[in-house]
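Colleague: test case, fold it:
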Amino acid sequence: MAPDQSFDSNVFVNCPFDDKYAPVLRAILFCLIRFGLNPRIATERSDSGETRIGKILELVESSRYSIHDLSRCQSQKAEEFYRMNMPFELGVDFGCRRFGKPPLSDKVFLVLEEEPFRYQAAISDFAGFDIQCHGGNHATAINKVRNWITAQEGFESSEAAQVISEYEDFDGWYCKRRLADGASLEDIRGSSTAELMRAMREWLGEGGPRG
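Modeller: Model (predicted):
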């Protein structure tokens, strides 16, 4: 399948989906949309007739940019298995870049982790690559993603503090609006990825509405 016309603005986001990681994911999605990019993520749509690997392959092949967060490669408690989806999807994407023809061979990656050097125990072949750590903090994640985006040609150089402030304004606006519509805090925490991204685009498209 040849890359579509949105290839140059698509960003494949490969990351954990647990509740603890959710604030970091929301911040990353906002930052990408804020800079005019289009996040592509496995949870963007729900289709029981679609295989997970088929969806991942489509997202990888349709995206020039990729963010891979390896923060959950380590088991969190006794008898818990390692989570290998993120390293597997990174490998698929890396192979796509290494063996694909242009524009696939021009794909650009950002690899994130929560803690420095921890990834080397799970995926030692990746030692020596430039891994950025966010410490599980949404503001740090925005800073890392902002630095990566603005290092690419053609993107404005907005300061990280500005983007963080905008995200926190959006988060407050979104919570207030959902509460006013009758949602509970549990409803808000359980917002779908598609719903969140629509709200982010609405807020940014209206210049950051207040109230």
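Colleague: ok, I142 to E159 distance?
Modeller: Computed with CB to CB, to the nearest Å, the distance linking I142 and E159 is 11 Å. Where C-beta positions appear, they are placed from N, C-alpha and C, glycine not excepted.
Colleague: those two - which one has more neighbours?
Modeller: Just comparing I142 and E159: by other CB atoms under 10 Å the higher neighbour count belongs to I142, 25 against 11.
Colleague: tell me which element the more buried one falls in.
Modeller: Using DSSP states H and E, the element containing I142 is helix 138-150.
Colleague: ok, now E89?
Modeller: Going by DSSP H and E, E89 is in helix 85-99.
Colleague: likewise for K101?
Modeller: When the helices and strands are read off by DSSP H and E, none of them contains K101.
Colleague: distance between the ends of stretch 89-109?
Modeller: Terminal residues of stretch 89-109 are spaced 12 Å apart (CA to CA, to the nearest Å).
Colleague: pLDDT (mean, whole number) over it?
Modeller: Rounded to a whole number, the mean pLDDT of stretch 89-109 is 95.
Colleague: pull the residues that contact that stretch.
Modeller: 3, 7-8, 12, 14, 56-57, 60-61, 63-68, 70, 111, 123, 126, 152 (CB atoms under 8 Å, 6 or more residues apart in numbering).
Colleague: do stretch 35-49 as well
Modeller: 6, 9-13, 15, 17, 28-29, 32-33, 52, 55-56, 59, 62-63, 65, 146, 149-150, 155-156, 158, 192-194, 197.
Colleague: and what of stretch 198-210?
Modeller: Contacts of stretch 198-210 from elsewhere in the structure, counted by CB under 8 Å, 6+ apart, are 29-30, 33-34, 166, 169-170, 173-174, 177.
Colleague: which of the contacts of stretch 89-109 count as buried?
Modeller: 3, 7, 12, 14, 56-57, 60-61, 63-68, 70, 111, 123, 126 (16 or more other CB atoms under 10 Å).
Colleague: so of the residues you listed, which ones are in strands?
Modeller: 12, 14, 65-68, 111 (DSSP state E).
Colleague: if we can go back for a sec, tell me what angle the following helix or strand past the helix holding I142 forms with helix 138-150.
Modeller: Following helix 138-150 in sequence order, the next helix or strand is helix 160-180 (DSSP H and E). Orientation check (axes from the mean of the first three to the mean of the last three CA atoms, to 10 degrees): helix 160-180 against helix 138-150 gives 120 degrees.
Colleague: helices or strands next to helix 160-180 in the packing?
Modeller: helix 22-34, helix 138-150, helix 185-189, helix 193-205 (3 or more CB pairs under 8 Å, 6 or more residues apart in numbering; DSSP states H and E).
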